[in-house]
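with the input below, show me the fold.
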Amino acid sequence: MSGSVRRTTMPSIEIVAKEAGVSTATAGRALGGYGSVSRKSREAVLAAAERLGYRPNSLARSMITGLTHTLGVLVPDIENPFFSRALRGIADAAHERGWEVLLVNTDEDLALERKALSVLTERRVDGLVVAPTDVADRDALQAVVDAGIPVVLLDRRVPGLEADTVGIDNRAAAKDATERLLKLGHRSVALLTGGDEKLRPKLSRPGLRGVERLAATTVGARAAGYRDALVEAGIEPRPELVSAEGFRREDAAAATRRLLALPDPPTAILALDSLLALGVLQALRGLGLRCPVDVSLVAFDDADWAEAISPPLSVVAQPIYELGAEAGRLLLDRVQGSDKRFTHRRLPTRFIERESATSR
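Model prediction:
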């Protein structure tokens with residue numbers, strides 16, 4: 001036995017064209033997804049390519065069309081169910097039109113985000129869906145836009161950046177959730193934002209003054225909605241009840257223990273995502289407290305486990321998959337030449353009342 005490996009020659013586009021009974025140029029357009037090709041010819045070319053085991057040369061195709069058929073996606077925390085579900089929506093929208101997706105997790109690290117933007121730009125992605133780490137840092141994203149690469153912002157807006165955005169009305173959703181706790185008789189409601197320590201000074205201003213101008217993810221808008229509900233109910237916001245101690249589950253657990261050690265602890269907590277809610281529940285269990293008997297809890301995002309736990313979690317449900325899919329579709333429209341005015345899509349939320357919040 002010689003041990004030599006026989007290499008199989010990949011059929012050329014000329015062979016595919018001959019098999020399909022069309023010109024080489026027509027076969028190239030059909031396989032590359034560009035130019036004008038009749039439906040009959042396209043089907044014949046694709047069938048011939050399948051029979052012959054032809055695989056298109058993506059580099060050659062990109063040289064012809066100017067497109068790599070690849071989208072970049074930057075998210076701050078892929079372990080957060082919001083972003084993993086949104087990514088599924090983006091990927092499905094991309095695959096429907098023949099595009100692939102490259103994912104980068106930035107870990108809420110601005111330096112990592114800037115590096116990722118540079119790398120994806122160098123790899124010539126056709127467009128980017130980005131959930132920015134810090135919406136006040138516009139320069140890196142502006143450089144991408146200036147380079148002619150379309151950008152769609154997911155969940156967050158960057159003031160002054162010419163880009164489509166997809167999200168929800170965060171201020172209204174947080175206000176509604178807070179009002180529901182107030183109607184249950186809670187007068188001391190804490191807010192777990194998931195923000196980091198850099199936000200603490202701004203979230204500690206008397207009455208949460210000016211928090212809506214906070215340039216960081218969705219925290220500012222949601223904190224403003226929380227404040228609005230309190231003020232309209234005649235309750236002075238207490239900055240010590242607003243947590244900016246990190247976005248991980250263990251951070252939320254530590255924040256919950258701190259809040260419940262206050263001389264006048266909260267009787268209810270609004271957590272701004274499902275990972276934070278898990279941290280709250282972990283802390284309550286460690287302290288020997290029960291939800292909602294001792295502390296009521298409402299959270300953003302209807303995670304897969306939210307209905308399965310005891311008690312089932314009351315949530316602000318975002319249409320997460322649809323947010324991702326809409327971001328993907330908007331981006332592909334831009335990549336494929338849409339010159340419509342930039343749009344800010346706001347999808348509706350739904351409050352799901354379960355058993356984690358009760359009357360005080």
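
what's the local residue count around the residue lying closest to G53 once chain neighbours are set aside?
Here the nearest residue to G53 in space, its sequence neighbours aside, is P11; by Cβ to Cβ, 6 or more residues apart in numbering that works out to 6.7 Å. C-beta here means a position set from N, CA and C on the backbone, and glycine is covered the same way. By other Cβ atoms under 10 Å, 17 other residues sit near P11.

who are the contact partners of P11?
52-54 (Cβ atoms under 8 Å, 6 or more residues apart in numbering).

just the buried members of those residues?
The neighbour-count criterion (16 or more other Cβ atoms under 10 Å) marks Y54 among these as buried.

just the contacts of P11: which are in helices?
When DSSP state H is applied, the contacts of P11 are split such that L52 fall in helices.

could you export the contacts of P11 as JSON lines, including pLDDT and distance to V104?
Converted to JSON lines, the contacts of P11 look like this (pLDDT from 0 to 100; distance: Cβ to Cβ, whole Å):
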{"residue": "L52", "pLDDT": "83", "distance to V104": "36"}
{"residue": "G53", "pLDDT": "78", "distance to V104": "33"}
{"residue": "Y54", "pLDDT": "74", "distance to V104": "31"}
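
show residues contacting the helix or strand hosting V73.
Per DSSP states H and E: V73 is located in strand 70-75. Under the contact criterion Cβ under 8 Å, 6+ apart, strand 70-75 has outside partners 83, 86-87, 90, 94, 99-106, 113, 116-117, 120, 123-132, 154, 328, 331-332, 335.

confirm A283 sits in a helix?
Yes: according to DSSP: H, G, I helix; E, B strand; the rest coil, A283 belongs to a helix.

state the distance from it to A261.
11 Å (Cβ to Cβ, to the nearest Å).

do the same with L281
From L281 to A261 the distance is 17 Å (Cβ to Cβ).

between the two, which has more neighbouring residues?
Under the neighbour definition other Cβ under 10 Å, L281 and A261 were set side by side, and L281 has more, 24 against 9.

for the closest residue in space to that one that isn't next to it in sequence, what are its contacts?
Among residues not flanking L281 along the chain, C291 sits closest, at 6.4 Å (Cβ to Cβ, 6+ apart). If a contact means Cβ under 8 Å, 6+ apart, then C291 has 280-281, 284, 297, 311, 356 as its contacts.

go on, N105?
75-78.

same thing but at 10 Å, please
73-80, 83, 87, 112, 116 (Cβ atoms under 10 Å, 6 or more residues apart in numbering).

can you tell me the SS state at the residue sitting nearest the centre point of the chain?
Of all residues in the chain, the one closest to the mean position by Cα atoms, centre = their mean is F83, 4.3 Å from it. Counting by three-state DSSP, the backbone at F83 sits in helix.
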